[in-house]
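[1] Just the structure for this:
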Amino acid sequence: MFKVLANAFKVKEIRDKLIYVLLVLLIYRIGTTIPLPGVNMQVLDEALYRGVGGDPTFFTLMMGGGFGSIMAMGIMPYITASIIMQLLTVAIPKLEQIQKEGEEGRKRIGQYTRRFAVALAFLQGGATVFSYVNNPMFHQMGISLFNYPHPLTYVMATVAMVTGTIFIMWLAELLTEGGIGNGASFIIFANILSGIPMGVQNILMMFDVGNVMMSVIRLLVLLVMGILVIAFVVMVAEGERRIPVQYSKKMAGRMFGNNSYIPLKVNIAGVMSIIFAISLLQFPMQLSMFFPGNEVLQNIAMFLGLDHPVGVIAYVVLIFLFTFFYTSFAVNTVEMAENMKKNGGFIPGIRPGKPTSDYVQRIVDRLSWIGAVCYSLIAVTPVFFQQFTGMPAGFGGTTLLIATGVALEFIKRLESQLLMRHYKGFLS
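    Okay, here's the model as predicted:
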């Protein structure tokens, strides 16, 4: 990895892209420190000092974790809108037809997603501001987060948060167009990296001076477990099943074959199944912001928390459901078999057409089971970490899964660009 980065910095074109990515991410992280208009800075500093912003869970890390800032929602409204649009594309034939129109259709779907994200940002921004106003800690202290507690102040704060989300969406598109890789993934990756110092601080706080030996053992076990989780994440992310495909062609009255293969990932849904599951589990908690005194919503949010057995079981079940659901429309085995037949390709030992699609579908289903089990183990690993070490549940397998996935994809893209530059130089 370091060798690839070193080689990338030697190429001016790629070096400029890397610097561009770092500058955009720096602008984004600076934006997370800009407070909302009308916020009392002393109260905000006190809230951050006392941890009113909450522990760095996976959901808050994805949002950005900037409590009281204009970018507190992060890119989550866009992620949620993308998830809903993907589901609607399957459910509504008109949207499915638009998506199949090629590049122009994908642009239209992207426009619908951005507009829907803005609408969701207004709803989530209003809920977030409402939670700031009705924070129990502020009521106990007899203070307010805002200098001027007035409805117009709250509207202005909501608009500022929506503007911050739109700005983040723009930055993500800049990263996608001018950088290397998916911009939204880089934004989430930056949020995860920003939570590492607090995670390290929580680990160091576990060190008990009175019982040095036990503290050292716990830290060593935690370190070994972390290394094992990273190795397991890399193994699952890189694992794939290669289906052999043979193409027959005619040339000058003779037949000759060309062997190839179809690569299928262990978990085709990837981390999207975990994002879907955690977003749905966090929905009652987000809804309780509108009704802070509602005991029913608070009890539901408590039961669906990852520190409760019911929440853990629901988390695993949702990961399995979303894995199979996402895979069902991410891989079209019928279309794959038809394209293979049109191009003169076939799987050895399998007849073209429906037998081929059924064969590929069986493999996809088996891979989905294996991937769902692996990703469930990775997702619940932080819960066991918390039980053993007292470490926050969000700092663990899921965050490592996303961070490792983004890093691997980033390195692959760098390698492909370096390889392309090498071929260009050879041909010239």
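[2] C-alpha from now on. contacts and neighbour counts both.
    Fine.
[3] what's the burial count for Arg115?
    For Arg115, the neighbour count with other CA atoms under 10 Å is 14.
[4] I'd like to know how far it sits from Met213.
    56 Å (CA to CA, to the nearest Å).
[5] and what of Val39?
    Counting by CA to CA, the separation of Val39 from Met213 is 46 Å.
[6] what's the answer for Ser357, then?
    Distance from Ser357 to Met213, counting by CA to CA: 58 Å.
[7] which one of the two has more residues nearby?
    Ser357 (20 against 12).
[8] I figured the more buried one was touching Val334, is that so?
    Yes. Using CA atoms under 8 Å, Ser357 makes contact with Val334 at a distance of 5.2 Å.
[9] quick one, strands of the stretch 151-300 of the chain?
    240-251, 254-265 (DSSP state E, counting those that start in this stretch).
[10] Could you tell me the least trusted of those?
    With a mean of 69, strand 254-265 has the lowest mean pLDDT of the strands of the stretch 151-300 of the chain.
[11] Count the neighbours of Val317 for me.
    Number of residues near Val317 (other CA under 10 Å) recorded here: 15.
[12] From Ile363, how far out is it?
    Distance of Val317 to Ile363, computed by CA to CA: 21 Å.
[13] Ser260 too?
    As judged by CA to CA, Ser260 and Ile363 stand 17 Å apart.
[14] again, but for Ile319
    Where Ile363 is concerned, Ile319 sits at a distance of 19 Å (CA to CA).
[15] Also Thr404?
    Separation of Thr404 from Ile363 (CA to CA): 26 Å.
[16] And the two? Which one has more around it.
    Neighbour count, other CA under 10 Å: between Thr404 and Ile363, Thr404 has more, with 18 against 14.
[17] what's the spacing between the more buried one and Met41?
    Counting by CA to CA, the gap from Thr404 to Met41 is 36 Å.
[18] same thing with Val383?
    Counting by CA to CA, the gap from Val383 to Met41 is 35 Å.
[19] out of the two, which sits in the more crowded spot?
    Taking neighbours as other CA under 10 Å, Val383 and Met41 compare with Val383 leading, 24 against 15.
[20] Could you name the helices and strands sitting against the one helix or strand that one maps to?
    Using DSSP states H and E, Val383 maps to helix 354-389. On a contact count with 3 or more CA pairs under 8 Å, 6 or more residues apart in numbering; DSSP states H and E, helix 354-389 meets helix 212-238, helix 309-330, helix 333-342, helix 397-427.
[21] and that helix with helix 212-238, angle?
    Interaxial angle, helix 354-389 versus helix 212-238 (axes from the mean of the first three to the mean of the last three CA atoms, to 10 degrees): 170 degrees.
[22] Now do helix 354-389, average pLDDT.
    82.
[23] got it, and stretch 295-306?
    Mean pLDDT, stretch 295-306: 78.
[24] same question, stretch 325-333
    Rounded mean pLDDT across stretch 325-333 is 79.
[25] Only the buried residues of that stretch, if you could.
    Buried residues in stretch 325-333, counted by 16 or more other CA atoms under 10 Å: Tyr326, Thr327, Ser328, Val331, Thr333.
[26] Looking at those residues, spot the one nearest Leu193.
    Using CA to CA, Tyr326 is the member of the buried residues of stretch 325-333 that lies nearest Leu193, at 27.3 Å.
[27] Around the nearest residue to that closest one once chain neighbours are set aside, count how many other residues there are.
    Leaving aside its sequence neighbours, Tyr326 sits nearest to Ala269 (CA to CA, 6 or more residues apart in numbering; 5.7 Å). For Ala269, the tally of surrounding residues (other CA under 10 Å) stands at 23.
[28] what do you get for Ile75?
    The local packing of Ile75 (other CA under 10 Å) involves 25 other residues.
[29] list the buried ones in the helix or strand containing Gly110?
    Element membership for Gly110, per DSSP H and E: helix 103-133. Across helix 103-133, burial judged by 16+ other CA under 10 Å covers 105, 109, 113-114, 116-122, 124-133.
[30] mind listing the helices for the stretch 51-200 of the chain?
    58-63, 76-91, 93-99, 103-133, 136-141, 151-178, 183-194, 196-205 (DSSP state H, counting those that start in this stretch).
[31] ok, Val43 - contacts?
    Listed by CA atoms under 8 Å, 6 or more residues apart in numbering, the contact partners of Val43 are Ile143, Ser144, Leu145.
[32] Please tell me how far it sits from Pro35.
    Separation of Val43 from Pro35 (CA to CA): 12 Å.
[33] can you check Ala277 too?
    According to CA to CA, Ala277 stands 30 Å off from Pro35.
[34] Give me the pLDDT value at the spatially closest residue to Val90 that is not a sequence neighbour.
    Excluding its sequence neighbours, the residue lying closest to Val90 (CA to CA, 6+ apart) is Glu96, at 6.3 Å. Looking at Glu96, its pLDDT reads 80.
[35] and Glu96, how many residues sit next to it?
    Look at Glu96: counted by other CA under 10 Å, it has 16 neighbours.
[36] What of Leu25?
    Using other CA under 10 Å, Leu25 has 22 neighbouring residues.
[37] That one sits in which helix or strand?
    Secondary structure from DSSP H and E places Leu25 in helix 12-31.
[38] Now that helix: buried residues?
    Buried residues in helix 12-31, defined by neighbour count with 16+ other CA under 10 Å: Ile14, Arg15, Lys17, Leu18, Tyr20, Val21, Val24, Leu25, Tyr28, Arg29, Gly31.
[39] Could you give the average pLDDT over it?
    Here the average pLDDT along helix 12-31 is 86.
[40] returning to what we had before: quick check: angle from the helix holding Val383 to helix 333-342?
    Orientation check (the same axes, to 10 degrees): helix 354-389 against helix 333-342 gives 130 degrees.
[41] Contacts for stretch 226-240 next, please.
    Stretch 226-240 is contacted from outside by 263-267, 270, 371, 374, 378, 396-397, 400-401, 404-405, using CA under 8 Å, 6+ apart.
[42] Put the buried members of the residues you listed into a ChimeraX selection.
    Applying 16+ other CA under 10 Å to these leaves a buried subset, and the ChimeraX line that selects it is:
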select :264,265,266,267,270,371,374,378,396,397,400,401,404,405
